[in-house]
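Engineer: sequence first, predicted model second:
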Amino acid sequence: MTRPTFTLVVVASADGFIARRSGDNPAGWASAEEQALFLDRVAAADWAVMGRLTHQAADRPDRRRVVFSGRGGGWRRPGQLWLDPAGLDPDALAARVAKVHPMRDALILGGTRVHDWFLAHGRIDAVSLTVEPVRFGAGLPIFSGQQERDPVEAFLARGFRVAAARRLNMAGTRLVELVPART
């Protein structure tokens, strides 16, 4: 079995938050350009990995998902595996879903605890970060304990480097691609 690539796809406010509160769907505040890129990425991926609240904020029965939940749950739909990630590592996810569809290219879609889990396992292989020109002042950070208000700095402080960056629109939305500094 080929080791999957895990790409963290995240949209953040300019002050470093992924949502105003739990259950806040970015479709309500992210730019049309970000949403188009996001939907294209999701459609092309083999699997998406997310937490229960992220899943519930944008439930899509037609998408292959691994949903992290302390309650576990098994296969809830033909392409949606709910599990408790405690005691697992990212490669174990690929083995669990292999009979349904191979996991070669997987997206990490959030929230904060899911980001933390992949970071702790050293398996965020790439980051696609969209920074929207909005400020929340408070909310859910990209990572637990995050002190950095600039979302790019939050990744730099955790061992990533910028591989590419570009502006998506005239409003100032930026797409920043990051990779682990060791690569």
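Structural biologist: Right, received. Where do you want to start? Treat the numbers as computed from the prediction; the structure is a model and nothing was measured. Residues are numbered from 1 along each chain as shown.
Engineer: list the buried residues of the top helix by length along the chain.
Structural biologist: As assigned by DSSP state H, the longest helix anywhere in the chain is helix 32-44. By neighbour count with 16 or more other CB atoms under 10 Å, helix 32-44 contains the buried residues 33-34, 37-38, 41-42. All C-beta spots, glycine's among them, are computed from the backbone N, C-alpha and C.
Engineer: next: stretch 122-134.
Structural biologist: Buried-residue list, stretch 122-134, by 16+ other CB under 10 Å: 123-132, 134.
Engineer: show me those residues that map onto strands.
Structural biologist: Among the buried residues of stretch 122-134, the members found in strands (DSSP state E) are 126-132.
Engineer: next helix or strand past the longest helix of the chain?
Structural biologist: Downstream of helix 32-44, the next assigned helix or strand under DSSP states H and E is strand 47-51.
Engineer: which of the three states applies to the residue nearest the centre of the chain?
Structural biologist: Taking CA atoms, centre = their mean, the centroid of the chain lies closest to residue 109, which sits 2.5 Å from it. The three-state assignment at residue 109 reads strand, by DSSP: H, G, I helix; E, B strand; the rest coil.
Engineer: who's in contact with the closest residue to it other than its chain neighbours?
Structural biologist: By the measure of CB to CB, 6 or more residues apart in numbering, the closest residue to residue 109 outside its immediate chain neighbours is residue 50, 4.2 Å from it. Residue 50 makes contact with 65-68, 108-111, 114 under the criterion CB atoms under 8 Å, 6 or more residues apart in numbering.
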